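compute the structure for the input listed below.
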Amino acid sequence: MSEENKDSVIITDVTLREYGQNVQANHLHIFSPEIRVEIALRLIDAGFTNIEIFSCINPEVAPAMNQEALKKIAIDLGRINGVNIITLVPNQAGYRNFLDLDLGPKGFNHTIGVFFSAVEAHNLANLGRPIKETVEEYKEIARDACSKNIRVVGYISAAFGYFDPDHDVLIKADADKVNNYVDMLFDHGVDTVTFSDLQGVADQKETGMFFETILNIRKRKDIEKLAYHPHHVSGEAAIANSRIAYDMGIRRFDASLGGTGGCVTGAPGNQPTEKLVRFFNESGIETGIDKEKVLSLTEMVQRELYGK
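Model prediction:
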């Protein structure tokens with residue numbers, strides 16, 4: 001990593017996508033396309049250049065992600081140069097929806113996010129099929145997306161392990177397999193790879209051990225393209241883990257306003273964007289983000305969406 005970048009980070013806000021996947025039915029009238037566009041535009045105004053906004057999943061799983069709403073948001077938000085608007089695509093059907101919504105580079109120029117788990121039990125719970133089957137489909141999607149000049153980013157869920165509630169056991173991810181998944185994603189044109197601790201199973205020590213192991217296996221190759229996405233019942237604990245990841249050399253982080261979101265499999269919320277920005281700024285680490293605008297937006301989201 002170059003000298004001028006060693007004290008800067010990139011933060012991706014995931015509020016709109018992760019909250020959208022978990023919004024309760026009686027909140028759908030509040031989580032309207034208009035409010036989602038306002039949040040996205042205010043995130044961009046605050047300095048964010050990476051925002052997860054959609055997930056092309058079945059609206060029976062996440063009603064807020066229905067095609068009509070996504071189309072309206074895409075049109076109202078428009079094409080924004082210099083900002084990676086990230087849309088998650090779980091399978092070929094989702095990829096077809098992405099193309100049908102004109103989210104490619106000839107349209108609204110969104111980035112595709114592909115995701116799978118490092119633990120078989122979680123992949124089956126989250127995506128309903130084995131990892132191998134998921135990965136093979138993503139290879140096809142990535143090849144086609146790259147041929148269309150669509151930017152692709154990747155996410156490896158449960159990279160720190162998965163607590164299987166059906167068997168009351170914590171299943172650890174195999175570090176060598178995780179590394180092989182990273183190489184596979186990069187080999188298929190993926191720009192960045194994010195490691196997710198979707199249940200907050202790793203404390204500071206375990207987070208440090210994970211990154212130390214992976215980075216040693218990789219000999220720190222492509223470290224600038226690796227990112228961290230912690231879920232945790234405690235926002236402060238997630239931020240403490242992010243500090244460990246930063247100390248290990250990671251410079252990309254995911255967070256959401258007020259710590260909202262989670263996972264359809266029941267994972268806890270995210271680290272709060274406003275607290276992560278404040279933490280980095282107070283530590284002398286450049287984020288490029290206006291912390292006062294983020295705090296104001298967080299208060300608006302909590303007031304509008306949660307009545308707090």
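
can you give me the buried ones in stretch 46-60?
Using 16 or more other Cβ atoms under 10 Å as the burial criterion, the residues of stretch 46-60 that qualify are 46, 48, 49, 50, 51, 52, 53, 54, 55, 56, 57. Just so you know, the C-beta spots here come from the backbone N, C-alpha and C atoms, and that holds for glycine as well.

among the residues you listed, which ones are in strands?
In strands, judged by DSSP state E, the following of those are found: 50, 51, 52, 53, 54, 55.

what ranges does this protein have for its helices?
Applying DSSP state H to the chain gives helices spanning 15-22, 33-46, 67-77, 92-100, 120-127, 131-147, 175-187, 204-217, 235-248, 273-282, 291-306.

what does the third one contact?
Among residues not part of helix 67-77, those counted as contacts by Cβ atoms under 8 Å, 6 or more residues apart in numbering are 33-34, 36-37, 40-41, 53-54, 56, 59, 85, 97, 100-103, 107-108, 110.

would CSV of the helices of the chain with mean pLDDT be doable?
CSV is the format used below for the helices of the chain (pLDDT from 0 to 100):
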stretch, mean pLDDT
helix 15-22, 92
helix 33-46, 97
helix 67-77, 97
helix 92-100, 97
helix 120-127, 94
helix 131-147, 98
helix 175-187, 98
helix 204-217, 98
helix 235-248, 96
helix 273-282, 97
helix 291-306, 91
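
pick the most buried one from those.
Across the helices of the chain, averaging neighbours per residue (mean count of other Cβ atoms under 10 Å) puts helix 15-22 on top, at a mean of 24.

now residue 66, what are its backbone angles?
When read as degrees, to the nearest 10, the backbone of residue 66 gives phi -70, psi 150.

cool, residue 49 as well?
phi -120, psi 0.

residues in contact with it?
Contacts for residue 49 (Cβ under 8 Å, 6+ apart) come out as 10, 82, 83, 84, 288.

how close does the last one get to residue 192?
Using Cβ to Cβ, to the nearest Å, residue 288 is found at 17 Å from residue 192.

of the two, give the one with the bigger neighbour count.
Neighbour totals were compared for residue 288 and residue 192, and residue 192 leads with 23 against 13 (other Cβ atoms under 10 Å).

is it correct that that one is in contact with residue 226?
Yes - with contact defined as Cβ atoms under 8 Å, residue 192 counts as touching residue 226 (7.2 Å).

quick check: neighbours shared by these two?
In contact with both residue 192 and residue 226: residue 252, using Cβ under 8 Å, 6+ apart.

so how far is stretch 242-262 from its chain's centroid?
How far stretch 242-262 lies from its chain's middle: 10 Å, per Cα atoms, centre = their mean, to the nearest Å.

same question for stretch 180-192.
In terms of Cα atoms, centre = their mean, the centre of stretch 180-192 is set 16 Å apart from its chain centre.

do the same with stretch 43-57
Its chain's C-alpha centre and that of stretch 43-57 lie 10 Å apart, by Cα atoms, centre = their mean.

try stretch 86-97
The chain centre lies 15 Å from the centre of stretch 86-97; the measure is Cα atoms, centre = their mean.

can you check stretch 25-40 too?
19 Å.

and the contacts of it?
Under the contact criterion Cβ under 8 Å, 6+ apart, stretch 25-40 has outside partners 15-16, 19-20, 23, 51, 53, 63-64, 69, 72-73, 76-77, 85, 257, 297, 301, 304-305.
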